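One predicted model, sequence on top.
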Amino acid sequence: MRKTAAANGATLFATLFTALQVVIGRLTGTSDVVIGVPVAAQASDGRPDLVGHCVRMLPFRSPLDWDSPFSSAVRTAAGRLADGFDHAGCTYGTLVRALPLQRVADRLPLTEIQFNLERLSTATGFGDLSVEVTPNAKAAVTFDLCVNTIESAAGLRIDCDYSTALFDEATIARWMQHYRLALESIVAAPGTPLGALDLLSTEQTRFALDAVNHTEAAYPGESCIHDLFAAQAARTPERLACVDGTGSLTYAELDRRSAALARALLQASPMRQGRIALAVDRSSAQLVGLLGIMKAGHAYVPLDLRQPIERLRQIAASARIDGIVCQDATVAAIAPGAAALRLDELDDEASGPDLPHVPSDASAYVLFTSGSTGTPKGVETGHRALTNTLSAMARLWEITADDDVVASSAVTVDASIPELFIPLMTGARVVLADSETVLTGFELVALADRTKATAMLATPTLWRILLEAGFASRPGLKMVAAGEPLPRDLADRLLAGGGRLWNLYGPTETAVCASGSELAIDGADITIGRPIANVQLYVLDEGDRLPPPGAFGTLFIGGDGLAKGYFDRPDLTARAFREIALAGRPPRRLYCTGDRARLLPSGAFELRGRNDRQVKLRGFRIELEEIESALREVAGVRDCAVLLRHDIGPQPALVAYVMPAGGDVAALKADLSRRLPDYMVPTRWVGLDALPLTPGGKLDRNALPRPAEAPRPAEPPGERTETPLEATIAAVWAEVLGRTGFGVEDPLFSVGADSLHVFRIAARLQRQGIAVDARDLMKNPTVAALARKAQDKSRGPRTESGRTAPALSDFRRGARRRSVSS
């Protein structure tokens with residue numbers, strides 16, 4: 001180490017200090033590291049004879065350039081250290097008082113890490129006094145991590161004191177191993193870039209690359225999903241394949257109808273491997289359409305007819321669809337140039353061309369997700385990837401022919417794929433929830449109970465709604481949470497009834513699912529589990545290298561579940577799907593998720609946020625830039641910003657900041673609603689005269705203000721008093737929305753509500769005996785209108801005199817004036 005330091009024109013202290021900075025930076029994923037160095041105040045104060053522990057702590061900040069050779073970085077650090085020692089008279093306390101720091105009660109300001117080099121060969125002295133040093137073991141540490149490197153004739157020894165409230169011995173031992181390996185790497189090749197210094201042992205590299213990702217398993221890779229369904233239909237033709245609100249279809253009936261659709265598509269257009277839009281309601285017709293399109297050799301492009309027509313046209317144009325399967329002739333207006341085929345006019349017995357063999361490398365579907373450029377992007381997935389994922393999920397979820405699986409997800413969301421196809425692969429039954437049933441948690445709970453469903457998949461948000469609507473798990477029920485992070489308290493509530501629960505993770509780009517695990521009531525942190533069969537997960541740093549174990553980086557996914565890419569967008573595909581060589585091995589195709597993650601010693605992966613501005617709300621993936629792009633096209637908007645805020649109510653909410661202030665919020669929302677689906681329309685709006693900027697002239701998102709409570713206008717003379725029923729409804733609104741300041745005639749969605757708030761409000765009102773559901777709220781979106789609806793629904797049967805029997809009398813025994821604002 002001494003020779004290496006001298007060869008690089010630096011001291012041993014500077015070399016050891018810089019190496020520690022590199023290790024801390026690699027462990028934490030930051031290039032801005034501050035480490036404290038103790039210096040003796042006697043020297044800086046000119047008092048060499050002063051006896052005592054007169055130590056001053058100098059915090060050194062040295063930004064790291066991961067592409068810079070260590071030999072260059074250590075010379076830079078040596079210069080900064082020399083400059084810092086020249087200012088040793090400036091105490092730590094002086095710095096803290098002078099700098100505009102945000103203080104946290106349980107954290108030291110500036111730095112929590114200390115480094116020291118102690119030379120045993122140097123005698124301790126105070127002027128002419130004789131000194132004897134007696135070791136004194138520490139009972140506590142001042143800093144969270146103190147690294148003391150001891151230089152002696154025998155070599156270097158590294159000691160580390162640490163806070164046992166934060167770290168365990170195994171973690172610190174592993175970190176010190178990284179430090180030792182970094183020093184060895186520096187000696188061997190001081191010209192190595194900082195980001196490439198080898199911090200991992202051979203065993204750690206093998207664990208991350210091989211042990212965790214040993215997922216090889218057999219699956220029918222040459223078969224498409226519709227092939228597996230047809231084989232199941234041949235085995236169990238009379239078994240029920242699906243039930244909906246109007247009836248049911250056996251496997252034989254579904255096979256026959258979907259084959260008829262496939263022949264009709266082939267007659268209408270002999271083109272193979274095209275893209276066919278599917279625009280039908282949530283019923284068995286949906287399954288007929290999906291299977292029929294794939295049997296004809298096409299990829300399906302699902303459309304949600306509840307979305308704005310402009311967005312549907314945008315999707316149809318981006319996908320360059322070759323036809324559209326629908327139930328209503330008016331839907332053809334979405335893509336005027338495409339051939340329309342109506343399912344209600346389909347002749348099951350009509351003859352037609354033979355169905356083609358569809359190769360497993362053909363595309364199965366194109367699903368459109370939010371795009372950061374302002375345009376939705378279509379994820380194109382092949383049959384082989386889909387077959388692998390669903391085969392693995394069926395094993396993990398343990399779906400068998402005895403199961404009844406509730407399908408409640410919109411067909412435009414990838415969560416619908418396992419709900420619909422896994423049952424049909426395994427001989428189980430699909431229980432289709434129509435759009436009206438999905439609108440209210442109560443009806444979805446009733447459907448699951450009525451059909452004795454044994455399996456169900458939902459986002460954590462929807463699981464909370466179902467619990468509020470009276471859902472209770474039971475032994476034998478197989479539940480899956482996916483689409484959003486699953487909180488521990490919610491998992492425990494779902495497991496309390498004796499059912500089983502799996503937490504699954506996977507972007508749309510990885511054919512629905514990439515990892516998962518079954519959970520238990522054990523208080524353990526919830527992770528995304530381990531990779532599913534034939535899928536590999538890797539955490540990589542900014543240089544596409546393996547970080548130290550336990551360090552956060554970006555999650556990459558490889559294996560048989562990867563999508564082909566983004567349809568007709570080779571630029572986006574090249575950025576997201578990359579060929580990466582790991583630890584000197586041959587390059588392989590990996591998808592960059594943008595999720596921050598780390599690999600745990602158990603082999604499971606933990607997620608923590610994103611590297612970009614993509615967010616998840618109610619299970620939908622949203623690019624905030626797409627909302628901002630659409631909002632800037634609205635007349636009267638000069639500029640804007642959109643955030644997902646977690647500090648304005650019980651549920652996260654999208655907040656739009658719009659210039660200039662004073663605009664008509666209702667008009668802005670109405671215009672935006674014609675461009676974007678409802679889950680992408682902000683529920684809170686803030687008008688600003690100017691957007692806050694950083695000193696560099698960029699938008700300062702951290703300075704965007706928290707939406708303030710809307711003041712309640714003074715009640716004008718003569719305004720009618722609020723009835724007790726209205727007061728009760730308003731109180732529930734305020735509790736669910738986490739805000740006050742609205743009146744009985746203010747529309748629900750204008751005071752910050754979204755469709756999830758609707759479910760919660762309906763559930764709480766029903767618990768108080770007010771018989772309204774989510775559809776009533778949607779149609780009667782003010783306190784006053786909802787109260788009238790509740791009264792109408794509660795009117796009892798007619799008496800012999802023809803009068804209506806009294807109801808809700810407890811809410812009608814008087815009236816009082818009440819302000820909804822607090």
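Right, received. Where do you want to start?

Can you say which helix or strand has residue 226 in it?
If you go by DSSP states H and E, residue 226 is part of helix 225-235.

Show me what counts as buried in the longest helix seen in the chain.
Using DSSP state H, we find that the single longest helix of the chain is helix 169-188. Neighbour counts over helix 169-188 (16 or more other C-beta atoms under 10 Å) mark 172, 174-183, 185-186 as buried. Yep, even glycine has a C-beta here, placed from its N, CA and C like the rest.

can I have it written out in PDB, keeping just the CAs?
C-alpha atoms of helix 169-188 as PDB (Å, rounded to 0.1, in the frame of the first residue of the first chain):
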ATOM      1  CA  GLU A 169     -21.700  -8.000  13.000                       C
ATOM      2  CA  ALA A 170     -22.200 -10.000   9.800                       C
ATOM      3  CA  THR A 171     -23.000  -6.800   7.800                       C
ATOM      4  CA  ILE A 172     -19.900  -4.900   9.100                       C
ATOM      5  CA  ALA A 173     -17.700  -8.000   8.500                       C
ATOM      6  CA  ARG A 174     -19.000  -8.100   4.900                       C
ATOM      7  CA  TRP A 175     -18.300  -4.400   4.400                       C
ATOM      8  CA  MET A 176     -14.800  -4.600   5.800                       C
ATOM      9  CA  GLN A 177     -14.200  -7.500   3.400                       C
ATOM     10  CA  HIS A 178     -15.300  -5.200   0.500                       C
ATOM     11  CA  TYR A 179     -12.800  -2.600   1.900                       C
ATOM     12  CA  ARG A 180      -9.900  -5.200   1.900                       C
ATOM     13  CA  LEU A 181     -10.800  -6.400  -1.600                       C
ATOM     14  CA  ALA A 182     -10.800  -2.800  -2.800                       C
ATOM     15  CA  LEU A 183      -7.300  -2.200  -1.400                       C
ATOM     16  CA  GLU A 184      -6.100  -5.400  -3.000                       C
ATOM     17  CA  SER A 185      -7.600  -4.400  -6.300                       C
ATOM     18  CA  ILE A 186      -5.900  -0.900  -6.000                       C
ATOM     19  CA  VAL A 187      -2.500  -2.500  -5.400                       C
ATOM     20  CA  ALA A 188      -2.900  -4.800  -8.300                       C
END
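
re the thing from before, avg pLDDT for the helix holding residue 226?
For helix 225-235, the mean pLDDT works out to 98.

Now find how far off-centre it is within its chain.
In terms of C-alpha atoms, centre = their mean, to the nearest Å, the centre of helix 225-235 is found 34 Å from the chain centre.

so can I have CSV of the buried residues of helix 169-188 showing pLDDT and distance to residue 451?
Output for the buried residues of helix 169-188, formatted as CSV (pLDDT from 0 to 100; distance: C-beta to C-beta, whole Å):
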residue, pLDDT, distance to residue 451
172, 94, 54
174, 93, 51
175, 94, 53
176, 95, 58
177, 95, 56
178, 96, 54
179, 96, 59
180, 95, 61
181, 96, 58
182, 96, 60
183, 96, 64
185, 95, 61
186, 96, 65
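
Take those and lay them out in CSV including distance to residue 607.
What follows is these, written out as CSV (distance: C-beta to C-beta, whole Å):
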residue, distance to residue 607
172, 25
174, 21
175, 22
176, 27
177, 26
178, 23
179, 27
180, 30
181, 27
182, 27
183, 32
185, 30
186, 33
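
any idea which of those is closest to residue 690?
residue 175 (45.8 Å; C-beta to C-beta).

ok, longest strand in the chain?
strand 588-599 (DSSP state E).

For that one, buried residues please.
590-599.

Okay, domains of the protein per the record?
As recorded under automatic domain parsing, the domains making up the chain are 2-128+135-199, 225-458, 615-703, 724-811.

hey, which of those is tucked in deepest?
Stretch with highest mean neighbour count among the domains of the chain: domain 225-458 (a mean of 20; mean count of other C-beta atoms under 10 Å).

that older thread, please export the C-alpha coordinates of the helix holding residue 226 as CSV.
Extracted C-alpha coordinates of helix 225-235, given in CSV (Å, rounded to 0.1, in the frame of the first residue of the first chain):
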residue,chain,number,x,y,z
ILE,A,225,-51.6,-20.5,-24.9
HIS,A,226,-54.4,-21.2,-27.3
ASP,A,227,-52.8,-24.6,-28.0
LEU,A,228,-52.7,-25.4,-24.3
PHE,A,229,-56.4,-24.3,-24.0
ALA,A,230,-57.4,-26.5,-27.0
ALA,A,231,-55.6,-29.5,-25.5
GLN,A,232,-57.5,-28.9,-22.2
ALA,A,233,-60.8,-28.6,-24.1
ALA,A,234,-60.1,-31.9,-25.8
ARG,A,235,-59.6,-33.5,-22.4
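
now for it, which elements pack on it?
Here helix 225-235 touches helix 251-268, helix 284-295, helix 383-397, helix 416-426, going by 3 or more C-beta pairs under 8 Å, 6 or more residues apart in numbering; DSSP states H and E.

chain center to the third one, what's the gap?
So that's helix 383-397. 22 Å.

just to revisit the earlier point, out of the buried residues of helix 169-188, which is nearest to residue 218?
residue 174 (36.2 Å).

Tell me which stretches of the stretch 701-822 of the chain form helices.
Taking DSSP state H, counting those that start in this stretch as the criterion, the stretch 701-822 of the chain carries its helices at 724-737, 755-767, 774-779, 783-794.

Just the CA trace of stretch 627-644, in CSV.
Output in CSV follows, covering the C-alpha atoms of stretch 627-644 (Å, rounded to 0.1, in the frame of the first residue of the first chain):
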residue,chain,number,x,y,z
ILE,A,627,-49.7,13.8,-18.1
GLU,A,628,-47.6,17.0,-18.2
SER,A,629,-47.4,16.7,-22.0
ALA,A,630,-51.1,16.4,-22.4
LEU,A,631,-51.8,19.2,-19.9
ARG,A,632,-49.6,21.6,-21.8
GLU,A,633,-51.8,21.1,-24.9
VAL,A,634,-54.8,22.4,-23.0
ALA,A,635,-55.8,25.9,-23.9
GLY,A,636,-54.7,28.5,-21.3
VAL,A,637,-51.9,26.4,-19.7
ARG,A,638,-48.5,28.0,-20.1
ASP,A,639,-46.6,25.4,-18.1
CYS,A,640,-47.3,22.7,-15.6
ALA,A,641,-45.9,20.0,-13.3
VAL,A,642,-47.5,16.9,-11.9
LEU,A,643,-46.5,14.9,-8.8
LEU,A,644,-47.8,11.9,-7.0
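
Show me the contact partners of that stretch.
373-374, 615, 617, 622, 624, 652-660, 663-664, 668, 671-672, 675-676, 680, 682, 691, 699, 701, 704 (C-beta atoms under 8 Å, 6 or more residues apart in numbering).

Who are the packing partners of the helix or strand following the longest strand of the chain?
Downstream of strand 588-599, the first helix or strand assigned by DSSP H and E is strand 605-610. For strand 605-610, the packing partners by 3+ C-beta pairs under 8 Å, 6+ apart come out as strand 588-599.

roughly how far is the strand it packs on from the heart of the chain?
Distance, centroid of strand 588-599 to centroid of chain: 13 Å (C-alpha atoms, centre = their mean).
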